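Student: structure of the sequence below:
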Amino acid sequence: MSVRVRIRGLAHGGEGVGQQDDGLTWFVPGTLPGELVDAEPERRKARWARGRLTQVVEAAPDRVTPPCPVADRCGGCDWQHVDPARQAEHKRMIVAGELRALVPDPQAVRLAAVAGPSLGYRRRARMHYENGPGGLRLGFFGGRSREVVDVTACPVLRPELEHALQRVRRLAEHLPAQGEVLGLSDGQRAVLALPGVRPDEPVLEAAHALLDQRLCGIVLRGGRRSVAVGQHELRLDGGDGLAPMRAHPFVFSQANAAVNRAMVRHVALAARSDGLRVLELYAGAGNLTRALARTAKRVWTLDEDREAKGLLRALAEAEGLPINAKHGSAPSLLASLVARDFRYDVVVVDPPRAGLGKESAAHLARVAEQRVVYVSCDPATLARDLRVLVDGGLRITDVTVFDMMPMTAEVEVVVTLVRGPAEGRR
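Tutor: From the prediction side, this is the model:
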């Protein structure tokens, strides 16, 4: 039985939040502030409930018709119902809400001054497939399900990446019953990766036949073997004095080239690392490192991904950058640095969605001598970690929101913290 709910705001994750007349709080995906909606209960607790949208009774001005014909089923993009011109502002307000205990003025949470397309921008993707008697279904999981929604055309993907991913359908006879395809584009060409596919001769021949001007390489990994057909690495986001990052589909890279370039510049300016010793945790393949190393005395990096570390080391050697890239655990390193009372002038962190955790954040507060630049993709865990850093003597001086993935509720936030009441000693 449906209930009628007035949506008052947006929660972390992009769900609409509202209340019934009895005061019960409701979370309803696919809704916007100001809307009156009908929702079918899916889960109910004493103080809150989660429902599935069944009808929009009164629509908000920011509601639009989704540009994708499978938007109602596909879980790849959960914000296609939101006006693209308003998505970034909604995300800024979500971040401001999560950080309100630390940054009381919501206007102090700034929106990055960078604009890009809301469609045709995404250069990285992970698609799933199911291969059976009815043929190959290739696409994204459905909303809150593990069922593959077949996607023959995706409006958010860059054209060359979409072209490359759709060509995978020609490999159906060589693919297992289910799996995934990873794709990455440099803006002109794309490389694909097929984990769980043994690189035997027939599939290698079939993969080679797929290569063309836009699909330049395919990497197959299975049976403890990894074989690349064609080119397996790309160079991303070089220019304006910045060395291009080395990347391939098995290593993380940001999905939006234009917004990522702006974020990298922002982090480098926020770090103020000229001539200083910099520690970067969760450095990956060096997206931020290459900018920090242009002026820092030296950048020590750490990441748990051995492949990413290898790409960063190759970049540092080729470009002659003062980077010392290591493989390891950030929590373990921070604990070790605290035990040895060792500090760095500047610490830059870009952790996964789970964040640092309270113990590691407390250690970080002791390791950072002058400032911390924290890059986050999860405002909730960011707020938790920032509370610990502030309690450890750091002060928030800037919060900037980057709309890295339009048409989704995903958001990137960069927070700058400095030591003590002043800007820190130089």
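
Student: burial of the closest residue to E319 other than its chain neighbours, as a residue count?
Tutor: Using CB to CB, 6 or more residues apart in numbering and skipping residues adjacent in sequence, the residue nearest E319 is A243, 4.4 Å away. Heads up, the C-betas are built off the backbone N, CA and C, glycines and all. Applying other CB atoms under 10 Å, we find 21 other residues in the vicinity of A243.

Student: what do you get for R221?
Tutor: Neighbours of R221 under the rule other CB under 10 Å: 17.

Student: beta-bridge partners for it, please?
Tutor: According to DSSP bridges, P195, S226 are recorded as the beta-bridge partners of R221.

Student: and the gap between it and F140?
Tutor: For R221, the distance to F140 equals 21 Å [CB to CB, to the nearest Å].

Student: can you check E173 too?
Tutor: With distances defined as CB to CB, the gap from E173 to F140 amounts to 23 Å.

Student: more neighbours: which of these two?
Tutor: Looking at E173 and F140 with other CB under 10 Å, you find the greater number of neighbours at F140, namely 20 against 10.

Student: so which residues of the stretch 201-350 of the chain form strands?
Tutor: Taking DSSP state E, counting those that start in this stretch as the criterion, the stretch 201-350 of the chain carries its strands at 215-222, 225-230, 234-236, 245-247, 277-281, 298-303, 323-327, 344-349.

Student: and after the longest strand along the chain, which helix or strand comes next?
Tutor: Among the elements of the chain assigned as strand by DSSP state E, the one spanning the most residues is strand 48-58. Sequence order places helix 84-98 as the next helix or strand after strand 48-58, per DSSP states H and E.

Student: ok, then the element right after that next one?
Tutor: From helix 84-98 onward toward the C-terminus, using DSSP H and E, the following helix or strand is strand 109-111.

Student: describe which strands that next one pairs with in its sheet and in which direction.
Tutor: For strand 109-111, the pairing partners within the sheet under DSSP bridges are strand 394-402 (parallel).

Student: the longest strand of the chain pairs with which strands, and in what direction?
Tutor: Sheet pairing of strand 48-58 (DSSP bridges) gives strand 25-28 (parallel), strand 36-44 (antiparallel).

Student: can you pull out the helices in the stretch 251-400 of the chain?
Tutor: 257-271, 289-292, 306-319, 330-339, 358-367, 379-391 (DSSP state H, counting those that start in this stretch).

Student: in a markdown table, list the strands of the stretch 201-350 of the chain along with mean pLDDT.
Tutor: Converted to a markdown table, those look like this (pLDDT from 0 to 100):
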| stretch | mean pLDDT |
| --- | --- |
| strand 215-222 | 98 |
| strand 225-230 | 97 |
| strand 234-236 | 98 |
| strand 245-247 | 97 |
| strand 277-281 | 98 |
| strand 298-303 | 98 |
| strand 323-327 | 98 |
| strand 344-349 | 98 |
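
Student: take those and write them to CSV, including distance to V203.
Tutor: Formatted as CSV, the entries for the strands of the stretch 201-350 of the chain read as follows, by distance: least, CB to CB, whole Å:
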stretch, distance to V203
strand 215-222, 7
strand 225-230, 9
strand 234-236, 22
strand 245-247, 24
strand 277-281, 38
strand 298-303, 31
strand 323-327, 31
strand 344-349, 40
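
Student: and of those strands, who's closest to V95?
Tutor: Ranking the strands of the stretch 201-350 of the chain by distance to V95, with CB to CB as the measure, places strand 344-349 first at 17.2 Å.

Student: now what about the closest one, what contacts it?
Tutor: Residues external to strand 344-349 that are found in contact with it (CB atoms under 8 Å, 6 or more residues apart in numbering): 267, 271-273, 276-282, 288, 292, 296, 300, 330, 356, 364, 367-375.

Student: go on, stretch 353-360?
Tutor: Contacts to stretch 353-360, defined as CB under 8 Å, 6+ apart, come from residues 330-331, 334-335, 349, 361, 364, 376-378, 381-382, 384-385, 388.
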